[in-house]
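A.B. asks: Mind folding the following:
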Amino acid sequence: MGLADKILAGDTRAAARLMRGLEDGDLNAMEELCHLYSCTGKAYIVGITGASGVGKSTLVDKVIGSLRQRNMTVGVIAIDPTSPFTGGAILGDRVRMQKHICDQGVFIRSLATRGWTGGLAKAAISMIHVMDAMRKDIILVETVGIGQAETDIIRVADTCILVLTPGMGDEIQVMKAGIMEIADIFAINKADREGASSLKVELQALLEMNCYLPNDWRPAIVLTEAVNSKGIDELVEEIFRHRQFLVSSGEIEKRRKERARLELVNTIESTIKDYIDAEIDQEYIEKLTDDLVRRKISPGAAAREIIDRSIKRVH
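C.D. replies: Here you go, the predicted structure:
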């Protein structure tokens, strides 16, 4: 029995093994994922993003608890910065969610960015598919806190939550290009701090002036205190309200089509790169690199040479 069959039979160890293979780029793992793909597409995906220090992990921990009280199964992909020593995830997020480790209705996986930009890790979408095949009702994806560049999550999640805190310059951060547009819900965490109410007022004003909202949804603003479990149920209710909006408006199909397109393009790029790394003579690559340094060839011309050489090898 292959890993895919074991996962569909409820084997969580098989799921963990497959995810490790996907993170390492193992070709056998990709083949197993292909067998799972027809059993995916049912989970609802929630992205949780925001700058470092806003309390994303603690918030996710409390959201898990609220969802479990509703008898919903939960998958969590906690994307950590890459360790400079091992290349793996530092696992800080998983430590904060320790109390859910023994809950069979919750599956948590930490994932290293490994230099991948945009707040996500390269293997994140593949791991979403695995958790979907594990029949998780909701999959929470917590991204790395990298600020303005952290916009890839909107192309992966059905609902995107942007977490802010008062007194950390978030009033300026939300005005930056790309940040305001990604949020379906704003969570002002650590709302017991001074300035939480004024931050909410400023956000409301920004939303009133915002002429580029893509549809009729008006993002909610929820005050939370994750460490004190305040505002968590209200935040979860807003997730469900947004899901109902997406379903009734037909927007959810548009988002999922965009996600499929993104995955297709990423897979094409990754497959071509893997083929070139495996099949093209590295001495030839070094020669082209030297020619680039000496300005004997342009990057575009060098890339075309490599592609032409790859096509000739296939034929």
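
A.B. asks: Pull the residues that contact whatever helix or strand Arg13 lives in.
C.D. replies: Using DSSP states H and E, Arg13 sits within helix 12-23. Helix 12-23 is contacted from outside by 3-4, 6-7, 28-30, 32-33, 104, 107, 109, 111-112, 121, 123, 126-127, 130-131, 134, using CB atoms under 8 Å, 6 or more residues apart in numbering. Placement of C-beta: from N, CA and C, glycine included.

A.B. asks: Can you show me the helices along the stretch 201-315 of the chain?
C.D. replies: Along the stretch 201-315 of the chain, counting by DSSP state H, counting those that start in this stretch, helices occupy 232-249, 251-279, 282-293, 299-314.

A.B. asks: Mind putting those into a markdown table with distance to Ser198 and mean pLDDT?
C.D. replies: Below are the helices of the stretch 201-315 of the chain laid out as a markdown table (distance: least, CB to CB, whole Å; pLDDT from 0 to 100):
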| stretch | distance to Ser198 | mean pLDDT |
| --- | --- | --- |
| helix 232-249 | 20 | 97 |
| helix 251-279 | 32 | 84 |
| helix 282-293 | 52 | 91 |
| helix 299-314 | 49 | 83 |
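
A.B. asks: The closest residue to Ala191 other than its chain neighbours - how many residues pack around it?
C.D. replies: Closest residue to Ala191 apart from its sequence neighbours, by CB to CB, 6 or more residues apart in numbering: Leu223 at 3.9 Å. Residues lying near Leu223 (other CB atoms under 10 Å) number 20.

A.B. asks: just checking, next helix/strand downstream of the helix or strand bottoming out on mean pLDDT in the chain?
C.D. replies: Among the helices and strands of the chain, helix 92-96 carries the lowest confidence by mean pLDDT, DSSP states H and E, at a mean of 53. Downstream of helix 92-96, the next assigned helix or strand under DSSP H and E is strand 106-112.

A.B. asks: For Leu235, which non-adjacent residue is spatially closest?
C.D. replies: Leu235 sits nearest to Val222 (CB to CB, 6+ apart), 4.8 Å away.

A.B. asks: so how far is Arg13 from the one you found?
C.D. replies: 37 Å (CB to CB, to the nearest Å).

A.B. asks: Break this structure into its domains for me.
C.D. replies: Domain assignment for the chain by automatic domain parsing gives 1-39, 41-249, 263-314.
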